[in-house]
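K.L.:
sequence and predicted model, in that order:
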Amino acid sequence: MRDVCLRPVEDGDLDLFFEHQRDPESVRLTGVPARDRAAFDAQWRRIRADESTVVRTIAADGLTLGNLISWERDGAREVGYRIGREHWNGGITSRALALFVEELPRPLQARIADHNAASQRVAEKCGFVRGRLEDDYWVYELL
């Protein structure tokens with residue numbers, strides 16, 4: 001089992017995050033369209049400048065594997081996560097999310113596409129409970 005840890009996002013992580021968000025299967029599962037490099041870089045500048053947003057890099061064995069993010073939307077704190085496809089199905093995301101939610105105030109929400117069963121399992125393993133379906137996304141809550 002890999003030793004998963006979270007650390008602050010570094011500039012050098014962004015190239016890998018850019019590639020992750022371009023992966024066609026990741027796009028399909030999340031329902032979030034890929035951005036071109038200029039739009040991606042602009043988005044990450046906004047994310048990193050927003051003091052209310054919490055971002056972490058997922059790392060294990062000295063490798064950068066993905067990221068976690070938490071932001072405010074409509075008065076609720078949401079979480080999201082993405083790792084590279086080569087690390088899917090190994091329990092890494094579940095371990096990383098469990099560490100991440102320890103840092104965050106409750107309640108938390110995660111919006112997960114109806115067709116993304118793997119991500120739904122990740123949220124459930126970390127204590128999130130499936131709530132309502134909104135526009136093909138389940139709203140999971142952690143109180």
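P.N.:
Yep, that arrived. Quick caveat, the model's predicted, so the values are computed rather than measured.

K.L.:
quick one: the helices in the protein?
P.N.:
Assigned by DSSP state H, the chain shows helices spanning 14-22, 24-30, 37-49, 92-103, 117-125.

K.L.:
okay, those in a markdown table with mean pLDDT next?
P.N.:
Shown next, in a markdown table, are the helices of the chain (pLDDT from 0 to 100):
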| stretch | mean pLDDT |
| --- | --- |
| helix 14-22 | 98 |
| helix 24-30 | 96 |
| helix 37-49 | 98 |
| helix 92-103 | 97 |
| helix 117-125 | 97 |
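
K.L.:
most tightly surrounded among those?
P.N.:
With neighbours defined as mean count of other Cβ atoms under 10 Å, those peak in mean count at helix 92-103, which reaches a mean of 19. Yep, even glycine has a C-beta here, placed from its N, CA and C like the rest.

K.L.:
remind me what that helix packs against, helices and strands.
P.N.:
Packing partners of helix 92-103 (3 or more Cβ pairs under 8 Å, 6 or more residues apart in numbering; DSSP states H and E): strand 4-7, strand 54-60, strand 63-73, strand 76-83, helix 117-125.

K.L.:
ok, and what's touching that helix?
P.N.:
Helix 92-103 is contacted by residues 2, 4-6, 54, 56, 58, 60, 65-66, 68, 70, 79, 81, 83, 87, 108, 119, 121-123, 125-127, 142 when judged by Cβ atoms under 8 Å, 6 or more residues apart in numbering.

K.L.:
buried subset of those, written for PyMOL?
P.N.:
Remark: buried members of the contacts of helix 92-103, expressed as a PyMOL selection using 16 or more other Cβ atoms under 10 Å:
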select buried, resi 4+6+54+56+58+60+65+66+68+70+79+81+83+87+108+119+122+123+126+142
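
K.L.:
so what would you say the end-to-end distance of stretch 81-96 is?
P.N.:
Stretch 81-96 stretches 9 Å from its first residue to its last (Cα to Cα, to the nearest Å).

K.L.:
distance between it and the chain's centre?
P.N.:
Centroid displacement of stretch 81-96 relative to its chain, using Cα atoms, centre = their mean, to the nearest Å, is 10 Å.
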